[in-house]
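> can't give you the sequence, but here's the structure:
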């Protein structure tokens, strides 16, 4: 395991293993997560200890490979590169309340949702806790900001990398490190029901967002292969358990595909699915990709479906689109970069 993916207690054990006092582990933790450094040289650690760690242990590095800055707002899309030259992407968004960052949890994805660019190359590997943390740290250092809200909604299915994302979130929450409130963290999942139960039992007040995108099993099976394993009813049952356990409201992400999931019948089915569940529906107009060039609804069609939901006493909002000129939806820029594409809004790090 990478040194900078370890907890303070684990780093203390590392120090003791090398015949150092336990407090050297605390110094390492502060170096990695308070000072956000990966270079041990220049620290107050003993030279011999540094040499042993550099010789026998791994320290992960994350670097910003490319930056794409929107000309429409202050949104930035970033490509991050790891030590093995794998690439993921993330989004930095500025709101009145501060900065939010979408963080990737895997290189690629194996979920196979037909409208998502991230999954087209399949899953390459999981990210380690530090490879997720490093995305946040590098953004903060580059722009001299503090990121207040974290959304696991970049490339990858977070609950398919469960142990690493839990460790990442706890490290991010640590008061000696980033000190982010769990309430300012969101996990977006396509519905890995058994892991939703596990997450509820962690008893962390993290916001849960479900990528629902359709209202019945027949239609959802066609666009989201996960539904063949965990039917809509299974996912909703898990969500009710999560909401009751944590006292939180569940967000349902609903990508609107014109003529496929925006009918009166869909609205009625959605009401029945969410009956008795504290919920909020986030409507997202489809962002077509080459492999799934279905029709994107216009603003009027989106507003029309929103009104259908509101008439049924469902709470719904339309996602504010940021960075629309830089393909700020997961997977698109990474695929373009790997194919050798360029962008007029790209500035190299």
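That came through fine. Predicted, not measured: the structure shown is a model, and the values here were computed from it.

> C-alpha from now on. contacts and neighbour counts both.
Fine.

> Show me where the stretch 51-200 of the chain has its helices.
Using DSSP state H, counting those that start in this stretch, the helices of the stretch 51-200 of the chain run over 129-143, 162-173, 193-202.

> In the record's domain split, what are the boundaries for this structure?
Using automatic domain parsing, the domain parsing of the chain gives 3-56, 62-348.

> where are the low-confidence patches of this structure?
Within the chain, the stretches with pLDDT under 70 are 288-294, 321-349.

> Next, format the domains of the chain as TSV and append mean neighbour count.
Below are the domains of the chain laid out as TSV (neighbours: other CA atoms under 10 Å):
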stretch	mean neighbour count
domain 3-56	17
domain 62-348	18
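
> re the thing from before, columns distance to residue 220 on top of the helices of the stretch 51-200 of the chain, output as CSV?
Below are the helices of the stretch 51-200 of the chain laid out as CSV (distance: least, CA to CA, whole Å):
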stretch, distance to residue 220
helix 129-143, 30
helix 162-173, 24
helix 193-202, 15
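
> And residue 17, its phi and psi?
Residue 17 adopts backbone torsions of phi -60, psi -30, taken as degrees, to the nearest 10.

> repeat for residue 37
According to degrees, to the nearest 10, residue 37 has phi -110, psi 160.

> quick one: contacts for it?
residue 31 (CA atoms under 8 Å, 6 or more residues apart in numbering).

> So which of the helices of the stretch 51-200 of the chain is nearest residue 7?
helix 162-173 (6.9 Å; CA to CA).

> which stretches of the chain form strands?
Ranges of strands within the chain are 62-69, 76-82, 87-95, 98-102, 106-108, 123-126, 147-152, 185-189, 207-211, 250-256, 279-285, 316-318, 346-348, based on DSSP state E.

> can I get those strands in JSON lines with distance to residue 306?
Converted to JSON lines, the strands of the chain look like this (distance: least, CA to CA, whole Å):
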{"stretch": "strand 62-69", "distance to residue 306": "31"}
{"stretch": "strand 76-82", "distance to residue 306": "28"}
{"stretch": "strand 87-95", "distance to residue 306": "23"}
{"stretch": "strand 98-102", "distance to residue 306": "25"}
{"stretch": "strand 106-108", "distance to residue 306": "32"}
{"stretch": "strand 123-126", "distance to residue 306": "34"}
{"stretch": "strand 147-152", "distance to residue 306": "24"}
{"stretch": "strand 185-189", "distance to residue 306": "21"}
{"stretch": "strand 207-211", "distance to residue 306": "17"}
{"stretch": "strand 250-256", "distance to residue 306": "10"}
{"stretch": "strand 279-285", "distance to residue 306": "8"}
{"stretch": "strand 316-318", "distance to residue 306": "6"}
{"stretch": "strand 346-348", "distance to residue 306": "35"}
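
> out of those, nearest to residue 42?
For residue 42, the closest of the strands of the chain is strand 62-69, at 19.6 Å, according to CA to CA.

> Touching, residue 302 and residue 285? I think so.
Yes - at 7.1 Å, residue 302 and residue 285 qualify as touching, with contact defined as CA atoms under 8 Å.

> shared neighbours, the two?
Shared contacts of residue 302 and residue 285, defined by CA under 8 Å, 6+ apart, comprise residue 256.

> Would you point out which residue is most central in the chain?
Centroid check for the chain by CA atoms, centre = their mean gives residue 152 as the closest residue, at 1.6 Å.

> Would you mind measuring from residue 159 to residue 309?
29 Å (CA to CA, to the nearest Å).

> likewise residue 118?
29 Å.

> and the gap between the residue lying closest to residue 99 once chain neighbours are set aside and residue 174?
Distance criterion CA to CA, 6 or more residues apart in numbering; nearest residue to residue 99, sequence neighbours excluded, is residue 147 at 4.9 Å. Separation of residue 147 from residue 174 (CA to CA) stands at 15 Å.

> ok, residue 102 to residue 183 distance?
Residue 102 is 15 Å from residue 183, where distance means CA to CA.

> List of residues touching stretch 274-286?
236, 240, 243, 248-257, 295-298, 302, 306, 314-319.

> Now do that stretch: distance from first to last residue.
Separation of the first and last residues of stretch 274-286 by CA to CA is 22 Å.

> so who does the residue lying closest to residue 185 once chain neighbours are set aside touch?
Spatial nearest neighbour of residue 185, excluding adjacent residues (CA to CA, 6+ apart): residue 150 at 4.9 Å. Neighbour list for residue 150: 100-103, 184-186 [criterion: CA under 8 Å, 6+ apart].

> Kindly report the same for residue 83.
Neighbours of residue 83 in contact, by CA under 8 Å, 6+ apart: 60-62.

> out of those residues, which one sits closest to residue 89?
residue 62 (11.7 Å).
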